[in-house]
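Q: task: produce atomic coordinates for the following.
(one chain, ligands or ions: 1)
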Amino acid sequence: MNKKKELVMSGIRPTGFLHLGNYFGAVRNYVRMQEEYECYFMVADLHSLTTHPDTKELKTNVHRVLSENIACGLDPDKVALYCQSHIYETSELYLYLNMLAYQGELEKTTTFKDKVRQQPDNVNAGLLTYPVLQTADIILHRAKYVPVGKDQEQHLEMARNFVKRFNYRYGEVFPEPIAFNFGEELIKVPSLDGAGKMSKSENQYATLYLSDDDDLIRKKVMKAKTDSGPAEKNSQKPDYIENIFLLMKLVSTSDTINKFEDDFNNCTIRYGDMKKQLAEDMVQFIAPIRQKADAIRNDEKYLKEVMEKGAEKARKSARATMELVREAIGLNYY
Ligand code: TRP
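A: Residues are numbered from 1 along each chain as shown. A predicted model of the protein is given here:
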């Protein structure tokens, strides 16, 4: 028998298209974990109801997020890839945890305060208890590691608090979940306009989506900010030029990178040529993922199988946990 693998769980929001920042910052990390850990990756469709009550697009979005993640290398035979709404045990655990979560701490949460500002007409209780639902997602599998970005650290800290309270009150059932990423620091993918990183909320033209077609990729890359080139040999690169090199390091060969490094240092660099090269290397990188994602998205039968298989694995683990939870709480009358 294999040594029992440690448990990893994370949730993926079904809003927005995957971009290069998500790929290098999150998805690639999941793909690397799937060999060494027992992984549960969930599409957070219930969470999306707190901000997107209109569900017309939900099915399309869920299908797309599944297709894109599989196209990036997540293997539904290795991980449990499932939808949150398919696992009813989540709602039950969420209910119990709500009794352990205090209004004051929930109201102080940064993401809650942001949402109150963004949607003042829809400050629903689901929004307030968002971190409670997220905790239920994680501890439903008694997961220890949660691969997430910086923006989720506060939610994880709250999850640890809820777990401590549960364990203290009802006995040790759950490990305290911690944020965790594979290997080195997560790579930040700079945006094409030289300002900040690629993100879906910023300038659309500065972000490369895995669904962008070849011409759009070329157009976006060619628009990246440059200047007339360095005036002195071996000078320091301005941020927006450094960013182009950083992007090249993600997708181009080391020969290509070295050539442009040398050209920069000798002041012979032609940024037009560099961007053309980067654009072609981006196309080479993104096109196969896009094509694979398109093919999966159009295969509803396959997607259904993926969701069923994922839900089955997730339910198995959820049921085992919920037995322990009901017993620990004292909901055992016969
Ligand atoms: N809140 C997370 C986000 O906005 C998504 C999420 C839902 C999640 N449930 C989770 C992340 C459980 C990690 C673990 O990205």
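Q: please count neighbours and contacts with C-alpha atoms only from this point.
A: Fine.
Q: got a list of contacts for the one helix or strand Asp137 maps to?
A: Secondary-structure assignment from DSSP states H and E places Asp137 in helix 130-139. Contacts of helix 130-139 with the rest of the structure, by C-alpha atoms under 8 Å, 6 or more residues apart in numbering, involve 9-11, 47, 50, 84, 90-91, 93-94, 97-98, 101, 106, 146, 155-156, 158-159, 162, 174-175, 177.
Q: repeat that for stretch 26-33.
A: Contacts with stretch 26-33, where a contact means C-alpha under 8 Å, 6+ apart, come from Cys39, Asn69, Cys72, Gly73, Leu74, Asp75, Pro147, Val148, Gly149, Asn181, Phe182, Leu186.
Q: how about the fifth one: what's its closest non-neighbour residue?
A: By the measure of C-alpha to C-alpha, 6 or more residues apart in numbering, the closest residue to Leu74 outside its immediate chain neighbours is Val31, 5.3 Å from it.
Q: what about the one you found, neighbour count?
A: Val31 has 19 neighbouring residues, counting by other C-alpha atoms under 10 Å.
Q: which positions within the helix or strand harbouring it qualify as buried?
A: Val31 is part of helix 28-33 when elements are defined by DSSP H and E. Using 16 or more other C-alpha atoms under 10 Å as the test for burial, helix 28-33 gives Arg28, Asn29, Tyr30, Val31, Met33.
Q: any idea which of those is closest to the ligand?
A: When those are compared for distance to the ligand (C-alpha to the nearest ligand atom), Tyr30 wins out at 11.8 Å.
Q: where does the closest one land on pLDDT?
A: pLDDT for Tyr30: 94.
Q: do the one 5 residues further on as well
A: Reading off the confidence values, Glu35 has pLDDT 92.
Q: return the residues in contact with it.
A: Shown in contact with Glu35 (C-alpha under 8 Å, 6+ apart): Lys78.
Q: just to revisit the earlier point, out of the buried residues of helix 28-33, who's near the ligand?
A: The subset of the buried residues of helix 28-33 within reach of the ligand, by C-alpha under 6 Å from any ligand atom, is empty.
Q: quick check: residues of the stretch 51-200 of the chain near the ligand?
A: Selection of the stretch 51-200 of the chain residues close to the ligand by C-alpha under 6 Å from any ligand atom yields Gln134, Asp137, Ile138, Val146.
Q: local confidence estimate at the last one?
A: So that's Val146. pLDDT for Val146: 97.
Q: distance of it from Pro175?
A: 12 Å (C-alpha to C-alpha, to the nearest Å).
Q: check the second one too.
A: When distances are taken as C-alpha to C-alpha, Asp137 and Pro175 turn out to be 13 Å apart.
Q: of the two, give the one with the bigger neighbour count.
A: When Asp137 and Pro175 are compared for neighbours, Asp137 comes out ahead with 27 against 15, by other C-alpha under 10 Å.
Q: what mean pLDDT does the longest helix that the chain contains have?
A: Longest helix of the chain, by residue count under DSSP state H: helix 300-329. Average pLDDT, helix 300-329: 98.
Q: good, wrapping up.
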